[in-house]
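[1] need a structure here:
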Amino acid sequence: MNSIVVISGGSAANSIGKPYSISDNGGSTSELLRVLGGPSIGDLRARLTRLIDESVSPERKAIKELLSYRLPSQGDIRPIRDEWALIVQGQHHLWDSISTEKKEAIRGFLVMFNFEILKRAYKNFNFRNGSIGNFFLTGARLFFGSLEAAIFIFASITGIDENTSVLPVIVTNHTASIAAELQDGTTLRGQCEISHPGSLSRQKKPNDTFAGPTLSQAAQMDGNDEESSNMNLVFDKDTDEKLSAAVGRIYYMNEFGQEVFPWPNPKYIAHLNRADTLVYSIGSLYTSIMPCLILRRVGLTINNSPSLKYKILILNGTNDRETGGYSAVDFIQAITEALNQSKWVDTKPGFYDDKEEYEGYPLPIEKPCQHVALRAKHLQSPPSAFITHMIYLTQSRVRVDVEEITSLGIKCVPVVAPGDAYTAESLHGALLQIISQR
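    Numbering: from 1, shown residues only. Now for the predicted structure:
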C-alpha cells in the first residue's frame, strides 16, 4: 500500500491531504487570534470537516453540518449572538439528528470556548462569520493544552478514518504568523495581507500591540464597535488587487514582527521519512504551501529521504494574487528556493538557538536574510531533488513549457479536463499513473 504525504492548503485541495500550515489569519480564525491567541486552526478545520464521511449515517451528516456551519457574516450582531447562544445551549436545530452522548461531548468544548470568550468580554469578540468547527477545535485545544489532542478528539467524534492523518506542521500553543518580503522591499504581514487583504481598515502592525482600548474604554463600547476591530473577519478571496511586486520570499515572524525559525512537528518529518510519495497540492503557493516547506529540517528531509520515490507537484490551473504572471517554471523555482532556504538554515552553525525542540520564540535575527538559498551555492540542490513529476492541465492558464521543465529533470504528466480545474477522476488517474510506475 502506498504511503502518501500531501502538502496542501485548507480549501484548494480535496485529496488525501495531510500536513497543514497554522499561519492563516483570515475569517473566523482572525477573530480567534485577536481575542484568544494561539495557533491558527482554520485550514486544519477545513480539511478535517472534508474528511467526515457523511454517507455513513444521518448522525454523521448532521455532525458534519454542525462543524461546517458558519454564523451570518452580515446584519445586526444581536441576532447573531442569540443564534450562537442557541447552539452552545444545545437548543439549535443543528443538534436535532445528533445523539445525546455526542451532542454533550461536542457541546462541552463549545461551552469551554464560550467560557474563555466571556472571560475576555472587554475584547468584544465578534461572532460574525464564526465557524462552529473553529470554536470546537479552539475549546478542545484550550481544555487539553494541546492542538494535537484537539485534532484527535475531532477525528474520534466524527469517525475520520484512522489511516488518514491531518498534521499541523508546527506543534505550538503560540501564534505562528508569516510575512512576505516583496522584490521591491515591501513587507506584508499575515496571510490575509499577502493573499486576500480585508477592506475595513489597515492591518495591525507589531508596534500597535498596546494601541487598543483600555478595559474601561472597551466596556463602554457597543456591538457596532466590533466592526472596526478586525479587518480580516470578512474578506474576498477573489480580490483583483495586485501585489506591488513579486514575492521574494516567505518567512515566519513572532508577534513583534521579528523573523523566527520554528521547528517542525516531528510527526511531519517522520511521515516524510516513511512515505514513498510526496504531493505538493494545488493551493495558494506562498500562503498555503510555502509555510510547510521553509521550516527547519524540511528541505534536508525531502532532499535525502530514503523512502520518497515520487515528489509530485500538482500545478494550479490559474494564477492568483500571489503568483500573477507566473509560469510553471516559476512555481518550480519558488519551491526549490524555499527548500534550499530550509537547508541553508539547518547547515549554518549558530544561526539559531541550539534547542532540541521548538518553544515558541526561537532567537530572532535583526534583519531577515534575503534569498538565503542563493547565498550558499554549494548547499543548493537542483529542482529535481525536490520535484520528480509535475501534473498539469492541458487547458491550464499557467504557461507550461514542457521542454524546459523536462530539461530540469522533471517529468510532465498532462491531464485532460474541462476548463482550468481538475476533476477528482482525472487527478486520481494521473497520480495513479505516476505511483504505479516501477
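[2] neighbours around the nearest residue to Y280 once chain neighbours are set aside, how many?
    Of all residues not flanking Y280 in the chain, L313 sits nearest, at 4.6 Å (CB to CB, 6 or more residues apart in numbering). Placement of C-beta: from N, CA and C, glycine included. Using other CB atoms under 10 Å, L313 has 25 other residues around it.
[3] just checking, L313 touches S384?
    No. Between L313 and S384 there is no contact under CB atoms under 8 Å: 11.5 Å.
[4] what sits in contact with each of these two?
    Here L313 and S384 share the contacting residues I410, scored by CB atoms under 8 Å, 6 or more residues apart in numbering.
[5] so what pLDDT did the residue nearest to Y280 get?
    Looking at L313, its pLDDT reads 97.
[6] Using the three-state scheme, assign it.
    Put simply, L313 is strand when judged by DSSP: H, G, I helix; E, B strand; the rest coil.
[7] Pairing partners for it in the sheet, please.
    Beta-bridge partners of L313, counted by DSSP bridges, are Y280, M390.
[8] mind listing what it touches?
    280, 331-332, 335, 387, 389-391, 410.
[9] got JSON lines for the residues you listed, with pLDDT and neighbour count too?
    Listed next are the contacts of L313 as JSON lines, based on pLDDT from 0 to 100; neighbours: other CB atoms under 10 Å:
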{"residue": "Y280", "pLDDT": "96", "neighbour count": "26"}
{"residue": "F331", "pLDDT": "97", "neighbour count": "24"}
{"residue": "I332", "pLDDT": "97", "neighbour count": "23"}
{"residue": "I335", "pLDDT": "97", "neighbour count": "22"}
{"residue": "I387", "pLDDT": "98", "neighbour count": "25"}
{"residue": "H389", "pLDDT": "97", "neighbour count": "21"}
{"residue": "M390", "pLDDT": "98", "neighbour count": "26"}
{"residue": "I391", "pLDDT": "97", "neighbour count": "23"}
{"residue": "I410", "pLDDT": "98", "neighbour count": "23"}
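[10] Of those residues, just say which sits nearest to L48.
    Y280 (20.7 Å; CB to CB).
[11] All the strands of the protein, in order from the start?
    All strands of the chain, identified by DSSP state E, fall at 4-7, 19-20, 167-168, 177-182, 187-189, 247-253, 259-260, 277-280, 310-314, 389-393, 411-415.
[12] Could you point out which residue ranges in the stretch 51-200 of the chain have low pLDDT?
    198-200 (pLDDT under 70).
[13] switch the cut-off to 50
    Applying pLDDT under 50 to the stretch 51-200 of the chain flags residues 200.
[14] same thing with the stretch 201-350 of the chain?
    201-212, 214-216, 218-219, 221-224, 228, 232-233, 235.
[15] how about a cut-off of 70?
    Using pLDDT under 70, the stretch 201-350 of the chain drops low at 201-240, 348-350.
[16] all helices for it, in order.
    Here the stretch 201-350 of the chain has its helices, by DSSP state H, counting those that start in this stretch, at 215-219, 266-274, 290-293, 298-304, 328-346.
[17] Can you list the buried residues in the fourth one?
    What it means is helix 298-304. Neighbour counts over helix 298-304 (16 or more other CB atoms under 10 Å) mark 298-303 as buried.
[18] Neighbours of the closest residue to V416 other than its chain neighbours, how many?
    Leaving out its chain neighbours, the residue that sits closest to V416 by CB to CB, 6+ apart is T394, at 5.2 Å. When neighbours are defined as other CB under 10 Å, T394 has 9 of them.
[19] among the helices of the stretch 201-350 of the chain, which is the most enclosed?
    Across the helices of the stretch 201-350 of the chain, the average number of neighbours (mean count of other CB atoms under 10 Å) peaks for helix 290-293, which reaches a mean of 27.
[20] packing partners for that helix?
    If you count contacts as 3 or more CB pairs under 8 Å, 6 or more residues apart in numbering; DSSP states H and E, helix 290-293 packs onto strand 247-253, helix 328-346.
[21] now that helix: how far from the chain's centre is it?
    Offset of helix 290-293 from its chain centre (CA atoms, centre = their mean, to the nearest Å): 9 Å.
[22] now do stretch 431-438
    Distance, centroid of stretch 431-438 to centroid of chain: 28 Å (CA atoms, centre = their mean).
[23] tell me which residues of that stretch are tucked away?
    Per 16+ other CB under 10 Å, stretch 431-438 contains these buried residues: 431, 434-435.
[24] wait, A417 sits on Y392?
    No. At 10.6 Å, A417 does not count as touching Y392 under the criterion of CB under 8 Å.
[25] out of those two, which sits in the busier spot?
    Y392 (23 against 18).
[26] can you pull the contacts of the more buried one?
    315, 328, 398, 400, 412-415.
[27] 6 Å instead?
    Y392 makes contact with 315, 400 under the criterion CB atoms under 6 Å, 6 or more residues apart in numbering.
[28] So for it, what's the pLDDT?
    96.
[29] The one 3 residues further on too?
    With respect to pLDDT, Q395 has a value of 91.
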